[in-house]
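Novice: Coordinates for the following, if possible.
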Amino acid sequence: MKVFVIGSGSWGSALAQICVDNGHEVLIYGNNAAEINEINTFHTNSKYFDDVVLNEKLQGTLDISKVADADIVVMSVPSAVTSEVCAQIQPFLNKKIILVNTSKGFDPTTGKRMSEAIRSVFDKEKLSSVVSLIGPSHAEEVVIRMLTSVCSVSLNEEDAKIVQNVFSNNYFRVYTGNDEIGSELGVATKNSIALASGMLAGLGYGDNTRAALITRGLAEMIRFGVASGGQEKTFMGLTGMGDLIVTCTSTHSRNFEAGYQIGKADTSKVYWENNHKTVEGIRTTQVLHQLKKDLHVEMPIVEEIYQVLYENKKPSQSAKDLMLRELKAE
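Specialist: You can find the predicted model right below:
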């Protein structure tokens, strides 16, 4: 199939290489000329990967209009600009495409889940369906072909299976799913919990603390997800517990790393003054804070992370306050 990957960052490059490895015709689009030239000439993307040589058949382009030839378009850009980029490519499309969403967050303007936001942009005659390719996966491991499993989630079962077959191989296993709400809320919510995990690590807490956080974070994820219309069993799978574990424990995670720096300094000011990377959990926490209030869902961890980020509360005080909440049965 013809696959057009939008976004020449770490995840876009890793996913594009999977498709090339699987024998598909792939173009990766980026707006950084030096980056695209490096991919085409040296088969590397050194800004994101040290000492990794990409499949030499992977080709990059600076011309986004070449999306017109694609059967599948993989959107690998931050959630904050996903809707904008979708609107940008729509005029070039002359047939229905499968749009593969890889963002794990919310639309910043509307607060919608990513699939909802994408569908609201496209004309029906240009979009077969949105398929979210999500789960516990770090580009740094996928690009060197470490064994990884994710989910292809869509309301369109046939398209979910097409994406499953396009991406599956001996190092990247894809399962299908149809609980779009549960899956997309799971991978978004875990970003906030991962910030908390990093903060606790930065404060010097250890394995006991992190185990408690992940477990209680999962409880919050389930309460919120089910109240929003997701299926409880979804949160026991790759897009729930799986993504939560990997993001809360890995130094590859930008959310964990940002949280770690905040915890180490015991203030979020260090993030606001120094960070230049996309950290999905920062925006996600703001959206979750409003949504949980609208749904009257108790999410004490998310509440504390919101106060640390946006109300200048010390992470050390948040940790104490969580431990001293009213005692209850699990």
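
Novice: Can you pull the phi/psi pair for Ser129?
Specialist: phi -170, psi 170 (degrees, to the nearest 10).

Novice: Who is it paired with across the strands?
Specialist: Ile98 (DSSP bridges).

Novice: Can you get me a residue count around it?
Specialist: For Ser129, the count of nearby residues is 21 (other Cβ atoms under 10 Å). Where you see a C-beta, it was placed from the backbone N, CA and C, and this is true even at glycine.

Novice: Might you report the residue contacts of it?
Specialist: 98-99, 154-156, 159 (Cβ atoms under 8 Å, 6 or more residues apart in numbering).

Novice: again, only this time at 10 Å
Specialist: Taking Cβ atoms under 10 Å, 6 or more residues apart in numbering, we find Ser129 in contact with 96-100, 115, 118-119, 154-160, 162-163.

Novice: Mind telling me what element the nearest residue to Gly135 once chain neighbours are set aside is part of?
Specialist: Leaving out its chain neighbours, the residue that sits closest to Gly135 by Cβ to Cβ, 6 or more residues apart in numbering is Val150, at 3.3 Å. Assigned by DSSP states H and E, Val150 falls within strand 148-153.

Novice: CA atoms of the very next helix or strand once past that strand as CSV?
Specialist: Proceeding N to C from strand 148-153, the next assigned helix or strand is helix 157-167, under DSSP H and E. Only the C-alpha atoms of helix 157-167 are listed here, as CSV (Å, rounded to 0.1, in the frame of the first residue of the first chain):
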residue,chain,number,x,y,z
GLU,A,157,-13.5,-2.9,12.0
GLU,A,158,-12.4,-3.5,8.4
ASP,A,159,-10.0,-0.5,8.4
ALA,A,160,-8.7,-1.5,11.8
LYS,A,161,-7.7,-4.9,10.3
ILE,A,162,-6.1,-3.2,7.3
VAL,A,163,-3.9,-1.1,9.6
GLN,A,164,-3.2,-4.2,11.7
ASN,A,165,-1.9,-6.0,8.6
VAL,A,166,0.1,-3.0,7.2
PHE,A,167,2.1,-2.6,10.4
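
Novice: Next, the buried residues of helix 157-167.
Specialist: 159-160, 162-164, 166-167 (16 or more other Cβ atoms under 10 Å).

Novice: Closest one to Arg216 out of the residues you listed, please.
Specialist: Within those, the smallest distance to Arg216 is 31.4 Å, found for Ala160 (Cβ to Cβ).
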